[in-house]
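**Student:** build me a model:
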Amino acid sequence: MAYRVVDTSEWTAAQLDPYWPEIFAAMMKLKAKLPEDASYCAMLVTWARLQRKLWLVLDDDRFVAFAMTEIETMAATGKKAVTLKDLAGYGALKAAKEICETMEAYAASEGASIGQLVGRDGWRGFAKKFGYEVASVTLRKVVER
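**Tutor:** Numbers count the residues shown, from 1 in each chain. Okay, here's the model as predicted:
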């Protein structure tokens, strides 16, 4: 398997077109796992407004997953961070090495000194293998009205 993580920001609509059914299916899969946090409409709007970058994880040219990144400035320090906010597909964690390497290279190219992953707890195991550590934890409770 030859995994590639591809930045689609310079792609034409014709290049993206064959992947949309699988991108949408993966977005719906993410929404099903995280219904309070994920919406394919919100993901597409942030991408269309150039607030997030869309990446495709491919095995040769076959779709494996999509990922979205956002560049943020840390309020306390002013340091730039590239944050991987969405990752979904079919076997994406098999490409974890390529995903981490690509995101870190992208962060460096953008002058960011921090790479972050925001996701469900299942990411913790693979992230640790690539040098990521827990910086904070979000605890949540649904408050009934």
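**Student:** C-alpha from now on. contacts and neighbour counts both.
**Tutor:** Noted.
**Student:** what packs against the longest strand seen in the chain?
**Tutor:** For the chain, the longest strand by residue count, based on DSSP state E, is strand 62-73. Judged by 3 or more C-alpha pairs under 8 Å, 6 or more residues apart in numbering; DSSP states H and E, the packing partners of strand 62-73 are helix 20-33, strand 53-59, strand 80-89.
**Student:** okay, the ones you listed in a markdown table with mean neighbour count next?
**Tutor:** Shown next, in a markdown table, are these (neighbours: other C-alpha atoms under 10 Å):
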| stretch | mean neighbour count |
| --- | --- |
| helix 20-33 | 16 |
| strand 53-59 | 21 |
| strand 80-89 | 20 |
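**Student:** could those go into TSV alongside mean pLDDT and distance to K141?
**Tutor:** Listed next are the helices and strands packed on strand 62-73 as TSV, based on pLDDT from 0 to 100; distance: least, C-alpha to C-alpha, whole Å:
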stretch	mean pLDDT	distance to K141
helix 20-33	92	17
strand 53-59	96	30
strand 80-89	93	21
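**Student:** of these, which is nearest I71?
**Tutor:** Between I71 and the helices and strands packed on strand 62-73, the shortest gap by C-alpha to C-alpha is with strand 80-89, which sits at 4.6 Å.
**Student:** now the helix or strand following the closest one - C-alpha only, CSV.
**Tutor:** As assigned by DSSP states H and E, the chain's next helix or strand after strand 80-89 is helix 96-109. Taking C-alpha atoms only, helix 96-109 is exported to CSV below (Å, rounded to 0.1, in the frame of the first residue of the first chain):
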residue,chain,number,x,y,z
ALA,A,96,-1.3,7.5,10.5
LYS,A,97,2.4,7.8,9.8
GLU,A,98,1.8,9.5,6.4
ILE,A,99,-0.9,11.7,7.9
CYS,A,100,1.3,12.9,10.8
GLU,A,101,4.4,13.4,8.5
THR,A,102,2.3,15.5,6.0
MET,A,103,0.6,17.6,8.7
GLU,A,104,4.0,18.3,10.4
ALA,A,105,5.6,19.3,7.0
TYR,A,106,2.6,21.5,6.3
ALA,A,107,2.9,23.1,9.7
ALA,A,108,6.6,23.8,9.1
SER,A,109,5.8,25.3,5.7
